[in-house]
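Undergrad: Give me the fold of what follows.
(chains A and B)
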Amino acid sequence: MIALLVRDLRLAVRAGGGFGLGLAFFLIVVVLVPFGVGPDTALLSRIAPGVLWIAALLACLLSLDRIFALDFEDGSLDLLATSPLPLEGVAAVKALAHWVTTGLPLVLAAPVLGLLMNLPLAGYTALMISLMLGTPALSVIGAFGAALTVGLKRGGLLMSLLVLPMYVPTLIFGAEMARRGAEGLDYSAPMFMLAGISAGALALLPFASAAVLRVNLR
Amino acid sequence: MTCMELRVENLTVSRGGLPLLQGVRFCVASGQALILRGPNGIGKTTLLRTVAGLQPAVSGDVSVDLDEVCYAAHLDGLKTTLSVEENLRFWADVFGTDDVETALERLNLNELRTRHAGTLSSGQKRRLGLARLLVTGRMIWILDEPTVSLDAASVALFADVVRAHLARGGIALLTTHIELGLEDAQVLELNPFEAKGGANDSADEAFL
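TA: Predicted coordinates:
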């Protein structure tokens, strides 16, 4: 399992691995928003939590199709499926590797971008915690979507259509938590909901992903 | 070494809802190799994938210890941006073994060990794919056209590796179109097992 995690991380930072692409996309989207809505700092700080969350979600989506598709194309997935690793574990580890290479950098970059979006000072803690709790769910749900479309050529768009609706609960509670934090309100209720969604997704979806992979490998 | 065998009874396999082979039966005991032959499209790959547990059989039984099976497909599962050694090391870690050096030695990959797999020729990639068999430490090898893109010297090298594997009590089930020079390997012609009749009864299958 650890070997697989190390391999995936190593592949991500090697040439063509796509590490940092999601992060760069996140930066650009958030930088573009003030150009689009104009230099109204009051408006920007009001929409900041929502914009940051949607940008994080899109950045996450960008690299999802790589989770299984690359291993499928070069035959590794067949070999992994016949290896001693349980496919559930493979799915979980690959989602974890995706989170480390995509979700975690987003969490760390978010405060800088919050500054660009004129996020109120009180909102940074809530924003960081909400992304920290929410991005693992994005990776695991995304891995399930990637498993569903693994055999398809050009499956990326179909995967986005499948995955985005599943992201709705995470987005609602994540953005709500960041918004409440920015307004100085109590954000414990959306935080618990968000943590619950992540925990549930982490516990259940690797099994669903593995089941779907088995069907797709036939 | 424990005694084991690979037994297939009355097996029907299908691909895309279309039955390809039916009534396949064979038994390979410890130390034996079985070479499957048949024209393109008869279902050799499908049969091997079914035996390896990657897809379910339509009917019939495969009795094999899946924890001893090592499957090698047309594609070698190499990561082009990892070096030869890193590729092998990964599979060794996955299978919980540590015999990368011997495998590099046996398939004559020592000089290539630091090269990225993406820069290898197709024959060298194949050799690396076959070296993976050695690091898995598993006894039942299921090989789908292992000799594709190998030159004569490498085929001989590979035949030696298989012979050593069989001498250790291993089992090899393989498909190939060329003569491997495995003296006592049995050969099974798949033509007599070709499925008659049309599509599967189950309506669902057409959509899968």
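
Undergrad: use CA for all of it now, contacts and neighbours both
TA: Fine.

Undergrad: Output the contacting helices and strands for the one helix or strand residue A:78 maps to.
TA: Counting by DSSP states H and E, the element that carries residue A:78 is helix A:76-81. Secondary-structure packing of helix A:76-81 (3 or more CA pairs under 8 Å, 6 or more residues apart in numbering or on different chains; DSSP states H and E): helix A:66-73, helix A:87-98.

Undergrad: can you list these in TSV and add distance to residue A:57, mean pLDDT and mean neighbour count?
TA: TSV is the format used below for these (distance: least, CA to CA, whole Å; pLDDT from 0 to 100; neighbours: other CA atoms under 10 Å in any protein chain shown):
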stretch	distance to residue A:57	mean pLDDT	mean neighbour count
helix A:66-73	16	87	19
helix A:87-98	13	92	22
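
Undergrad: Out of these, which gets nearest to chain B?
TA: Closest to chain B of the helices and strands packed on helix A:76-81, according to CA to the nearest CA: helix A:66-73, at 7.3 Å.

Undergrad: re the thing from before, save the helices and strands packed on helix A:76-81 as CSV, and put in distance to residue B:179 too.
TA: Formatted as CSV, the helices and strands packed on helix A:76-81 follow (distance: least, CA to CA, whole Å):
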stretch, distance to residue B:179
helix A:66-73, 29
helix A:87-98, 36
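
Undergrad: Could you export the ones you listed as a markdown table, including distance to chain B?
TA: Rendered in a markdown table, the data for those read as follows (distance: least, CA to the nearest CA, whole Å):
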| stretch | distance to chain B |
| --- | --- |
| helix A:66-73 | 7 |
| helix A:87-98 | 11 |
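
Undergrad: Next up, the contacts around the residue in chain A that chain B sits nearest to.
TA: When scored by CA to the nearest CA, chain A has residue A:76 as its residue closest to chain B, at 3.9 Å. Counting by CA atoms under 8 Å, 6 or more residues apart in numbering or on different chains, residue A:76 makes contact with B:75-78.

Undergrad: So how do I select the buried members of those in PyMOL?
TA: Command for PyMOL that selects the buried part of the contacts of residue A:76, burial taken from 16 or more other CA atoms under 10 Å in any protein chain shown:
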select buried, chain B and resi 75+76+77+78
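
Undergrad: Could you show which parts of chain A are in contact with chain B?
TA: Residues of chain A lying near chain B by CA under 8 Å from any CA of the partner chain: A:1, A:3-4, A:7, A:11, A:14-15, A:71, A:74-79, A:81-85, A:214, A:217-218.

Undergrad: Buried only: go through these for me.
TA: Buried subset of the residues of chain A next to chain B (neighbour count, 16+ other CA under 10 Å): A:1, A:3-4, A:7, A:11, A:71, A:74-79, A:81-84, A:214, A:218.

Undergrad: so where do the strands sit in chain B?
TA: B:5-15, B:18-29, B:33-37, B:59-63, B:69-72, B:140-144, B:171-175, B:186-189 (DSSP state E).

Undergrad: The ones you listed: which one's closest to chain A?
TA: Closest approach to chain A among the strands of chain B (CA to the nearest CA): strand B:69-72, 6.6 Å.

Undergrad: The closest one pairs with which strands?
TA: When pairing is defined by DSSP bridges, strand B:69-72 lines up against strand B:140-144 (parallel).

Undergrad: and the angle for the strand it pairs with with strand B:5-15?
TA: Relative orientation of strand B:140-144 and strand B:5-15, computed by axes from the mean of the first three to the mean of the last three CA atoms, to 10 degrees: 30 degrees.

Undergrad: which residues are in contact with strand B:140-144?
TA: B:44-45, B:48, B:52, B:68-74, B:133, B:170-176.

Undergrad: Show me which positions of the helix or strand hosting residue A:212 end up buried.
TA: Under the criterion of DSSP H and E, residue A:212 resides in helix A:188-217. Across helix A:188-217, burial judged by 16+ other CA under 10 Å covers A:190-191, A:193-198, A:201-202, A:205-214, A:216.

Undergrad: give me the low-pLDDT residue ranges for chain B?
TA: Applying pLDDT under 70 to chain B flags residues B:1-3, B:197-208.

Undergrad: Now with 50, please.
TA: For chain B, the stretches with pLDDT under 50 are B:1, B:199-200, B:202-203, B:205-208.

Undergrad: Indicate the residue of it located nearest to chain A.
TA: Per CA to the nearest CA, residue B:77 is where chain B lies closest to chain A, at 3.9 Å.

Undergrad: For residue B:117, see how far away that residue is.
TA: Going from residue B:77 to residue B:117 by CA to CA, to the nearest Å gives 10 Å.

Undergrad: Over to residue A:154?
TA: 25 Å.

Undergrad: and what of residue B:79?
TA: Remark: distance between residue B:79 and residue B:117 (CA to CA) = 7 Å.

Undergrad: So if I had to pick from the two, which one is more boxed in?
TA: residue B:117 (23 against 20; other CA atoms under 10 Å in any protein chain shown).

Undergrad: List the residues that contact the residue nearest to the more buried one when sequence neighbours are not counted.
TA: Leaving aside its sequence neighbours, residue B:117 sits nearest to residue B:80 (CA to CA, 6 or more residues apart in numbering or on different chains; 4.6 Å). Shown in contact with residue B:80 (CA under 8 Å, 6+ apart): B:116-119.

Undergrad: Between those, identify the one with the most neighbours.
TA: residue B:117 (23 neighbours).

Undergrad: Quick check, that residue in contact with residue B:78.
TA: Yes. Here residue B:117 reaches residue B:78: they are 6.8 Å apart, a contact under CA atoms under 8 Å.

Undergrad: sorry, back to before: mean neighbour count added to the strands of chain B, as JSON lines?
TA: What follows is the strands of chain B, written out as JSON lines (neighbours: other CA atoms under 10 Å in any protein chain shown):
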{"stretch": "strand B:5-15", "mean neighbour count": "20"}
{"stretch": "strand B:18-29", "mean neighbour count": "18"}
{"stretch": "strand B:33-37", "mean neighbour count": "21"}
{"stretch": "strand B:59-63", "mean neighbour count": "16"}
{"stretch": "strand B:69-72", "mean neighbour count": "25"}
{"stretch": "strand B:140-144", "mean neighbour count": "25"}
{"stretch": "strand B:171-175", "mean neighbour count": "24"}
{"stretch": "strand B:186-189", "mean neighbour count": "14"}
